[in-house]
Every structure is written in C-alpha cells, then in structure tokens.
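[1] Quick check, what structure comes out for this input:
(chains A and B)
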Amino acid sequence: MVPLIKIEKRNDVPMALYFFTPFIAIILTILGGGIIFYILGFNPIEALKFYFITPISNLYGLSELLLKATPLCLIAIGLSFCFKSNNWNIGAEGQLTFGAIVGGGVALLFYNQEGFYILPLVILAGAIGGMIFALIPAILKTYFNTNEILVSLMLVYVSKLLLDYLVVGPWSNPEGFNFPETRQFSDSSRMPLLFEGLRIHAGIFLALAAVMLSWFVLYKTYLGFQIKVSGLSLKTAKYAGFKGNTMILVVFMISGACAGLAGVGEITGPIGQLHRMISPDYGFTAIIVAFLGRLNPFGIIFASLVVALTYLGAETAQIFLQIPKYTGQVFQGMILFFLLASDYLLFFKVKILSLKKNELRH
Amino acid sequence: MYKNFFRYLISAIFLLGFSVNSNADFKVGFVYVGPTGDHGWTFQHHEGRNAVEAAGIKTTFVESVPEGADAERVIRQLAQSGHDLIFTTSFGYMDPTNKVAKDFPNVKFEHATGYKREHSNVSTYSARFYEGRTLLGHIAGKMTKTNTIGYIASFPIPEVIRGINAMTLAAQKVNPNIKTKIVWVFTWYDPGKEAEAAQALIDQGADVIMQHTDSTAPVQTAEKAGVWSFGQASDMQRFAPKSILTSIIDDWAPYYVERAIAARDGTWNQQDTWHGLKEGMVAMGPYNSAMGADLVKEVEQLQKDLASGKVHSFTGPIYDQKGNILVAEGKVADDGMLAGMSVYVKGVEGDIPK
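    Just a heads-up that it's a prediction; the model follows:
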C-alpha cells in the first residue's frame, strides 16, 4: 500500500495568518449560506442582505445586536482563560444559570425596596454564584482527577433543574396563577437602560470591563504567563515550578464569574424576572465565540458581534422571506466548521504524492 | 366593445372598492413557541395561519421563538415591518406583547392563554379545553379495566388543573371507582420525558393514558404497550391508530380568520375570548370504533349537550380532596373560579406540586 496523501505538520505558521483565518471562515460561511439559500429557492443576494444587513440597518437593530452580543462576549472572555490553559469548561451554560439563580434570589430578597446598593449586590451575587458553580468541576479535577468536560457539562442539567424547581415552587409569583416564573424584579434591581426606547443596558460595560481586565491579566501578569505556558505545554509548566492546581481553580473561577455575570445581566436587563427560558444556550454558543475570537479579548468582541448577528439575521430572514429560522444554527455550525478546517490547513501541510500510472493499478 | 367597457367598469369599481374598504398591504404576523412541525400546539396555530392566508390575507410567521429576551425583539420587528395584527401564541409572550403594544398603538395584538391586557390594542384568547376533557373522562371511565387513568401534566397552572378535574369528574360519573394518577413533567414539549412518564403510569397500572403536553410520544408509548390513549392539540390518530380513542383538537382557524378580517375592516376591538365546543375552538377527533357504537353515541350526545350549554363540565356537588365543598349541588362553577382553579377535586391522587 502506497499512501497517496501525506499530512505533515507545518513548522512555521505566521501569526498574521493565524488571526486572519477567522475572516476566511466567515467569508466561506457567507458563501456557503448563499449556496444553501440558492438551493432552497431564494435569491441568495437578497437573502444574505436580510440576514446580515437589514437587522442592523437602524438604531434599534444595533442596540439589539449589542444586547445579544453582551452575554456571548462575557462568557467567551471567561472561557478563554480556561481554554488557553487547557481546561475544558463546557458548562458555562450551567454557571450562567446558577449565577442567575443566586443573583435573582438577591433581587427577590430586595423586592419592592429602594436603594442604590441593591443592583451592585445582585450583580455581585450573580458573579459569586457562577464562580461557586464553576469551582465544582475545578475542585473535582484538581483533587479527584475527574474529567472536567463531563462534570461541567452534567452540571448544566443540575442548574437547569434547580431553576425549574425554584420558579415552579418556592419562588413562583404568588399572584401569577402558578405559572413557572418569579415576580418581576423591582426597578432598583434592574440594569439601567442606556437610551430611552432601546433595550441596550449597562451590562455592556461589564462586558467591556471584562475585555480590558482579561487583556491585562493574560498579557501583563504572571498569572497570564502561567496560563499561556500551561496551555502550550503542561510539562514545561511543571518543570518551571508553576502550581498547576491553584491555576486551575483560578481560571475556572474567572470563567464561572463571567458566565454568572452574563446570566445576571440577562435577568436584570431585558428579562426582568426568573423563568425557565433565561438563556437560549448562550453558554454553549459562547464556545464558538471564544474560538472564533482566537481566545483573544479583542477578537472575542468581534466574534460575539458576528455570532449575535446570526441570531438576528435568522429572525429577519424568516420575517421577510420566510426562510426557516434554523438556518441561524446552520450558520453558527458553518462558522465553526470552516474555522476548524482552515486551522487544520494552516497547521498541517497536505501533500498529494504523485504516483506513476502503473503504480495506481493495484 | 360594450362588453369590454363593462368589464373595465366592473374592475374599476372593484379596485376602487378594494382600495377603500381594505388595505392591500394589510399583514398579519404570528409568533410560535415551537417548530411548525411539532404535530401539537404550534402545528395547530400554523393551521390557523394557513386559514387566514386562504382567506386572502397576507401573513408572516416566526417559529421557535424562545420565551425569554428574544420574544420582545421578534414581536417588535413584526410590528415595525408593517404587520397590522400580531398573534403571539404562547403564555410566555405575555409581558413582551404588552410592552410592544404600548409602543405601537396602531397595531393590534392577540395573546393566547394570557391574562394581561394592559393596553386597548391587546386582546387575549384561549379555548375551553376542559370541555374536551369532560368527554375524555367519560370515555376513559367506561374503557378502563384497571380503574386507573394516567395523566401526563405539564405545569400546575389553572388550565392544566382544570383539565385534570374536568376529566376526573366526568370519569367518576360513569365509574365511581376511578383513580387519576398524575406525573408532572414540567415541560410542554419533551418527547423523551413524556414517553418516560407514560411508561411510568402504565407500570403503575394505568390502562388509559392522557396528556397535557404537546408531543406524540405518549400516544406512541401507549400504542406499544397496548393501552388506550388520547391525542392532544391536534388529531394524532395516525401516530397511534389502535390506541387513540379520540383527540382534543384546538381549532384556532375560525377565530384567526374572524379577527384578521375584523382588524382589516376596522371593526376589531379589545376582547377576552374563551371559546369552547360551541364555537368550535375545541373540536374532537374521530372516535375509535373500539369504543363500541353505544359509547360513541353517548359521547356524541354529551358533546352536543356541552356545546349547547345543557351540561356543564363543573356541575355541583363538587368536593376537593379533603371533602370540602367547592361547588354546591345544582350550581355550576363560574368563569372566575375556573380561571383561578388551583385545587384538585376528590378522586385525584397526590398533591399539586408547590
């Protein structure tokens, strides 16, 4: 047997190209989307226009884009700490939910009360809630050597069931006819709106602060250096004497806090109460965002906007052209697929060996 | 020559009338909580939309809109993009619907199964599904051999509890030994969970299964186990032809067409609609011949009596689980009591989850 295709690792991958491939992936996704629209019988140019331009062609649309991108950006920033250091936290959705539960609990505790300190308390509670929930897989990993992918993922269901229990039972709105939702939070625990009539709220500053802080921590501190070295080579990190366990706990705590903030931002922002549908799987979508953004804080801002747009575009395309809304998920899938594919081609050389005609025959 | 002249004249009058009486740009939007192919709740709303479209009115729909932060944007986008009437077809859209309605006073909103009408351009509507449950109870009471009816319930809201009670009361009337066993699944649509719940009830001796959830999984589980079942929301007969005795069908089409025409012609006004068998918003699927001709006849008569108002699903004496009287002898429960129903009647096993 003669191998016809040979795959070799490239030794010198230019960094510029590494940050450029996400754009290639996005362009390929748009082209792929156009082809799908064409096959479905829509005018691809028109469909793409409704998908990527119409949703953000006015102020309201831009505000909605930022509103949607805020939780994605926050969670992805947190995940970048984990992923950079080879810790596979897949349970951001659970940390988001638990953060929302703790934050929402505090908001309900201060129901009908006034005070400037209430909202900060609610936000802090949300961050701590997410942090505690992320510590579970981290502690199990460091002390019992469990697999964090499995544990963090399974905890998503735990948190969702807990939320179900609370909104159906003890926390359900006493005037709400037993519908599975809490009271509407008082204004004192709601995020202030930035503009009258638009839903974009102060939570966006939390996301921007997270971006700045994470850039500082990752690139300017000893912890950031440890994280990067551990990500590149665990053996090197151990040889250098880094305390691996502490770092694992810290990155999970950062990641959980960010997801918790995202959750509390949603319930004190656009939703205003706790119910069963506080997140359309932001915690999972943020994994795509983190990788599309190359685990770089500023890349993540860009990626969160792109992915947020796929949600809005799917709605607009269905309203104006009746294109099934699930194309939004197809787009998200395509982005990830093209990104991984171009990464593969970036890091590996594919050589097709030329064989003589008679060699091919057997 | 004259023929052509008249033709032009007629079409001119027609066009004139058309542009005066009705707005050619008139559009109706629908927001669905599930996919149009769920064969239950959303499927039936989609059928209603098709009827509006067939009546010559343009429509748009958005499916699988989560009941969280996204709902408000979708409703607002429909309002902004020139839709004149918007149906939001799930309870979770209640607050977003009212919020958007405030900003678009010229757009009409119709919210299904909710209770908030904060602005004059918001109507609410729902169906008296409990009337269908009364028929199911009558059939179940007659068909069960184990005297145990299994009930897959979604959330302990008044609508679901009303259904459980209506069914139990009707079953007790024809079979005093009846017991109603309930499994709460806390979801409207989760085929896996619903199938498990059906199996658990069958294992506990239930030989009639009914559901207040939207997937076809329970009837399929019943078909496999060889017990009776009832379809929910749409006619599910083809998913379990042997097992299904009948289905409760939500028929939104007449209401949607009526309201769309009213909105187009400017006669729309705020309402709280609660229609049942009489108006046809609740309809029954075909009765299974395994019921026997006599029982089918009985049930058809009961269906007529419920529709005419001769029989009411909640006629006293009705007692709660502890034996306290809820509705006195000779009285019927009023709509206020039905709307807020939050206790089980005697004969239902277990407690309402709190």
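
[2] Chain B against chain A: which residues are in contact?
    Proximity of chain B to chain A, by C-beta under 8 Å from any C-beta of the partner chain, involves residues B:29, B:60-70, B:72-74, B:76-78, B:80-81, B:91-92, B:95, B:103, B:115, B:155-158, B:186, B:340, B:342, B:352-354. Where C-beta positions appear, they are placed from N, C-alpha and C, glycine not excepted.

[3] Which among those count as buried?
    Restricting these to buried positions leaves B:29, B:60-70, B:72-74, B:76-78, B:80, B:91-92, B:95, B:115, B:155-158, B:186, B:352, with burial counted as 16 or more other C-beta atoms under 10 Å in any protein chain shown.

[4] Now, the residues of chain B next to chain A that are in helices?
    Counting by DSSP state H, those place B:70, B:72, B:73, B:74, B:76, B:77, B:78, B:80, B:95, B:103, B:158 in helices.

[5] Distance to residue B:216 and pLDDT for those - can I get that in CSV?
    Output for those, formatted as CSV (distance: C-beta to C-beta, whole Å; pLDDT from 0 to 100):
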residue, distance to residue B:216, pLDDT
B:70, 27, 92
B:72, 31, 94
B:73, 31, 94
B:74, 27, 95
B:76, 34, 94
B:77, 32, 92
B:78, 30, 95
B:80, 36, 90
B:95, 31, 92
B:103, 39, 93
B:158, 25, 90
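
[6] From these, pick the one nearest residue B:205.
    The shortest approach to residue B:205 among those belongs to residue B:158, at 28.4 Å (C-beta to C-beta).

[7] where do the helices sit along the chain?
    Since you didn't name a chain, this refers to chain A. Assigned by DSSP H, the helices in chain A fall at A:15-39, A:44-52, A:59-84, A:92-109, A:118-144, A:148-168, A:203-220, A:222-232, A:234-239, A:244-266, A:282-292, A:297-321, A:327-347, A:357-360.

[8] please go with chain B instead
    Going by DSSP H, chain B shows helices at B:2-21, B:41-54, B:70-80, B:94-103, B:129-143, B:158-174, B:191-203, B:217-225, B:253-265, B:293-308, B:335-339.

[9] Just name the most buried of those.
    Using mean count of other C-beta atoms under 10 Å in any protein chain shown, the stretch among those with the largest mean neighbour count is helix B:129-143, at a mean of 25.

[10] Can you dump the C-alpha atoms of that one in CSV for me?
    What follows is helix B:129-143 as a C-alpha-only set of coordinates in CSV (Å, rounded to 0.1, in the frame of the first residue of the first chain):
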residue,chain,number,x,y,z
PHE,B,129,-60.2,22.7,26.6
TYR,B,130,-61.8,21.4,29.7
GLU,B,131,-64.9,20.6,27.8
GLY,B,132,-62.9,18.2,25.7
ARG,B,133,-61.5,16.8,28.9
THR,B,134,-65.0,16.0,30.1
LEU,B,135,-65.6,13.9,27.0
LEU,B,136,-62.2,12.1,27.5
GLY,B,137,-63.2,11.4,31.2
HIS,B,138,-66.5,9.9,30.1
ILE,B,139,-64.7,7.6,27.6
ALA,B,140,-61.9,6.8,30.0
GLY,B,141,-64.2,5.9,32.8
LYS,B,142,-66.0,3.4,30.5
MET,B,143,-63.0,2.0,28.8
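
[11] pLDDT below threshold where in chain B?
    B:1-24 (pLDDT under 70).

[12] Residues of the stretch 201-350 of chain A that sit close to chain B?
    Residues of the stretch 201-350 of chain A that fall close to chain B, judged by C-beta under 8 Å from any C-beta: A:266, A:269-272, A:275-280, A:311-312, A:315-316, A:318-320, A:322, A:324-326.

[13] OK, contacts around residue 107?
    Picked chain A for this. The neighbourhood of residue A:107, defined by C-beta atoms under 8 Å, 6 or more residues apart in numbering or on different chains, consists of A:118, A:122, A:185, A:186, A:189, A:267, A:268.

[14] you looked at the wrong chain, it should be chain B
    Contacts for residue B:107 (C-beta under 8 Å, 6+ apart) come out as B:79, B:83, B:84, B:85, B:86, B:101, B:121.

[15] Tell me which residues touch residue 212, please.
    Picking chain A for this. Counted by C-beta under 8 Å, 6+ apart, residue A:212 has contacts residue A:297.

[16] Sorry, I should have been clearer: chain B.
    Counting by C-beta under 8 Å, 6+ apart, the residues that residue B:212 touches are B:151, B:152, B:153, B:154, B:160, B:163, B:164, B:232.

[17] count of residues packed around the last one?
    This means residue B:232. 28 (other C-beta atoms under 10 Å in any protein chain shown).

[18] returning to what we had before: tell me the most buried of the helices of chain A?
    Taking mean count of other C-beta under 10 Å, helix A:92-109 is the most buried of those, at a mean of 28.

[19] Okay, angle between it and helix A:59-84 too, please.
    If you take axes from the mean of the first three to the mean of the last three C-alpha atoms, to 10 degrees, helix A:92-109 sits at 120 degrees to helix A:59-84.

[20] one step back: and the contacts of residue B:107, which is closest to residue A:36?
    Each of these was scored against residue A:36 by C-beta to C-beta, and residue B:83 proved nearest at 26.6 Å.

[21] distance of residue A:210 from residue B:274?
    49 Å (C-beta to C-beta, to the nearest Å).

[22] and what of residue B:299?
    Between residue B:299 and residue B:274 the distance is 23 Å, computed by C-beta to C-beta.

[23] Same check on residue A:148?
    52 Å.

[24] for residue A:333, same thing?
    In terms of C-beta to C-beta, residue A:333 sits 43 Å off from residue B:274.

[25] For residue A:76, list the residues it contacts.
    When contacts are counted by C-beta under 8 Å, 6+ apart, residue A:76 touches A:286, A:287, A:289, A:290, A:293, A:300, A:303, A:304.

[26] quick one: pLDDT of the last one?
    This points to residue A:304. Residue A:304 carries a pLDDT value of 97.

[27] Look up how far chain B lies from it.
    Per C-beta to the nearest C-beta, to the nearest Å, residue A:304 is found 15 Å from chain B.

[28] Tell me which residues touch residue 346, please.
    Picked chain A for this. Applying C-beta under 8 Å, 6+ apart to residue A:346 gives the contacts A:10, A:13, A:17, A:18, A:21.

[29] Correction: the question concerned chain B.
    Counted by C-beta under 8 Å, 6+ apart, residue B:346 has contacts B:319, B:320, B:321, B:323.

[30] These in strands, which ones?
    residue B:319 (DSSP state E).

[31] centroid residue for chain A?
    With distances taken as C-alpha atoms, centre = their mean, residue A:286 lies nearest the centre of chain A, 1.4 Å away.

[32] Kindly provide the distance from that residue to chain B.
    15 Å.

[33] right, and that residue touches residue A:72 too?
    Yes. Counting by C-beta atoms under 8 Å, residue A:72 is a contact partner of residue A:286 at 5.2 Å.

[34] Touching both of those two, which residues are there?
    Residues touching both residue A:286 and residue A:72 (C-beta under 8 Å, 6+ apart) are A:262, A:304.

[35] hmm, back to that, I'd like to know which of the contacts of residue A:107 is nearest to chain B.
    residue A:267 (9.2 Å; C-beta to the nearest C-beta).

[36] how about that closest one, what does it touch?
    Going by C-beta under 8 Å, 6+ apart, the list of residues near residue A:267 reads A:100, A:103, A:104, A:107, A:185, A:273, A:274, A:278.

[37] Any chance of JSON lines for those, columns distance to residue B:191?
    Formatted as JSON lines, these follow (distance: C-beta to C-beta, whole Å):
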{"residue": "A:100", "distance to residue B:191": "27"}
{"residue": "A:103", "distance to residue B:191": "33"}
{"residue": "A:104", "distance to residue B:191": "30"}
{"residue": "A:107", "distance to residue B:191": "34"}
{"residue": "A:185", "distance to residue B:191": "34"}
{"residue": "A:273", "distance to residue B:191": "28"}
{"residue": "A:274", "distance to residue B:191": "26"}
{"residue": "A:278", "distance to residue B:191": "23"}
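
[38] Could you dump those residues into TSV with pLDDT and distance to residue B:347 added?
    TSV is the format used below for the contacts of residue A:267 (pLDDT from 0 to 100; distance: C-beta to C-beta, whole Å):
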residue	pLDDT	distance to residue B:347
A:100	98	40
A:103	98	43
A:104	97	38
A:107	97	41
A:185	95	40
A:273	95	36
A:274	96	35
A:278	93	38
